[in-house]
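Q: could you work out the structure for the sequence below:
(one chain, ligands or ions: 2)
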Amino acid sequence: MSVTVRVPAKVNVQLAVGPLRPDGFHDLANVFLAVGLYDVVTVAPADELRVTCSGPDADKVPLDPSNLAARAALALAARHGREANVHIHIEKDIPVAGGMAGGSADGAGALLACDALWGTQASREDLLEICAELGSDVPFSLVGGTALGRGRGELLTPVETGGSFWWVFAVADGGLSTPAVYGECDRLRADSFVPEPDPSPALMDALRAGDPVALAGAVSNDLQEAAVSLRPSLRATLDAGTEAGALAAMVSGSGPTTAFLVSDEAEAEKVAEALRSSGTCRAVRVAAGPVPGATITVG
Ligand SMILES: C[C@@](CO)(OP(=O)(O)O)[C@H](O)COP(=O)(O)OP(=O)(O)OC[C@H]1O[C@@H](n2ccc(N)nc2=O)[C@H](O)[C@@H]1O
Ligand SMILES: Nc1ncnc2c1ncn2[C@@H]1O[C@H](COP(=O)(O)OP(=O)(O)O)[C@@H](O)[C@H]1O
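A: Ligands and ions are numbered 1, 2, ... in the order given. Next up, the predicted model:
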């Protein structure tokens, strides 16, 4: 017997970062959009907890208990007074350390899969609470769609979205550490007043209208300057996408993946081809969103 869960990547259409909190996190207005690039997590009974991973980036994924999928299984097992004796296999398609919440996706996926495998029947609230303990982005990987994350990103409310948006993602060589990018953001803003983060009304209107041109005018990412500061070569990738006709060019979350909003699928293929031949990135992916969060496909 096994259970398989499919979990999407995300792009942040707004990432407003407030001042550094005493606990080392930042308050956010984090508008997540789940996009159709997926990791697939399968769990099956085993003698002991074990994680395996396949896919082109598999060698970059830790297989020890620091893996977010393993941590999710251990957290659920601890709550229900049982052993986490399960084999977790991750088919990884989400770029690793790319600002697309791949680890968070695996955490949410393993949690949902173990809950079904073990019949623990945890409530949605319990699952979301465990997700928040695992990481700021993990609750969103469970719920998917479009959502506003407040607090450190874990306090979610759904955002009405009137259509599907097409994206091209340029995957960079190597990853960027999320804490390092937040740290660089603090350093760059050390002498500026940093306001409390708020969701953009223009962005909410554009999402509700399903209007990619309006969305392109409203997207923002306070971590972009920091990601480009740590990885200056991203500037050339952003420029290549803009020159190819993307409506908006931005860093995805903490990067180094860059995200290009386009009007439709045909434009996506055009911009993708231009990015591929630009020589400014390692790989190019096309995806649309919003899509649902973690979903059981087998089991
Ligand atoms: C930046 C974002 C945008 O969605 O994602 P990525 O682009 O990395 O995927 C998130 O805020 C990343 O969330 P996640 O990767 O879950 O971070 P966590 O494990 O909770 O925290 C890792 C570290 O990031 C920093 N951190 C994270 C969230 C937050 N609101 N403020 C922070 O300062 C802290 O240094 C923290 O120790
Ligand atoms: N299941 C997992 N998949 C990928 N990375 C993981 C996983 N579990 C833990 N990690 C660690 O999390 C780091 C961040 O990876 P990831 O979640 O892919 O990127 P990001 O935080 O930029 O969205 C990786 O460098 C890796 O060390």
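Q: output the set of residues of the stretch 101-250 of the chain in proximity to ligand 2.
A: 101, 102, 103, 104, 106, 175, 178 (Cβ under 6 Å from any ligand atom). Every C-beta, even on glycine, is put in place using the N, C-alpha and C of the backbone.
Q: what sits against whatever residue of the stretch 151-299 of the chain ends up closest to ligand 1?
A: Going by Cβ to the nearest ligand atom, ligand 1 is nearest to residue 253 of the stretch 151-299 of the chain, at 2.1 Å. By Cβ atoms under 8 Å, 6 or more residues apart in numbering, residue 253 lies in contact with 10, 11, 12, 15, 99, 100, 101, 178, 221, 223.
Q: looking at the protein, which strand is longest?
A: Determined from DSSP state E, the single longest strand within the chain is strand 26-45.
Q: on that earlier part again, output the contacts of residue 253 as TSV; include the columns neighbour count and pLDDT.
A: Shown next, in TSV, are the contacts of residue 253 (neighbours: other Cβ atoms under 10 Å; pLDDT from 0 to 100):
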residue	neighbour count	pLDDT
10	31	98
11	28	98
12	29	98
15	26	98
99	30	96
100	30	97
101	32	98
178	19	97
221	23	98
223	26	98
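Q: out of these, which sit inside helices?
A: Residues from those lying in helices, with DSSP state H as the criterion: residue 178.
Q: what about ligand 1: which of the contacts of residue 253 touch it?
A: 12, 15, 99, 101, 178.
Q: how far away is the residue nearest the centre of the chain from residue 33?
A: Centroid-nearest residue in the chain, with Cα atoms, centre = their mean: residue 101, separated by 2.9 Å. Separation of residue 101 from residue 33 (Cβ to Cβ, to the nearest Å) stands at 11 Å.
Q: now the residue nearest to the centre of the chain: how far from residue 194?
A: As judged by Cβ to Cβ, residue 101 and residue 194 stand 24 Å apart.
Q: stretch 26-45 near ligand 1 at all?
A: Yes. Residues of stretch 26-45 contacting ligand 1 under Cβ under 6 Å from any ligand atom: 26, 28, 30.
Q: and what about the closest residue to the first one other than its chain neighbours, helix, strand or coil?
A: To tie it back to what came earlier, the one meant is residue 26. Excluding its sequence neighbours, the residue lying closest to residue 26 (Cβ to Cβ, 6 or more residues apart in numbering) is residue 17, at 5.0 Å. Under DSSP: H, G, I helix; E, B strand; the rest coil, the three-state class of residue 17 is strand.
Q: just the one 5 residues further on next, same as before
A: In three-state terms, and counting by three-state DSSP, residue 22 is coil.
Q: okay, it: pLDDT?
A: pLDDT recorded at residue 22 is 98.
Q: hmm, residue 159 is touching residue 30, no?
A: No. Assessed by Cβ atoms under 8 Å, residue 159 is found out of contact with residue 30, at 11.0 Å.
Q: just the helices in the stretch 51-200 of the chain please.
A: Using DSSP state H, counting those that start in this stretch, the helices of the stretch 51-200 of the chain run over residues 68-79, 102-118, 124-134, 138-143, 178-188.
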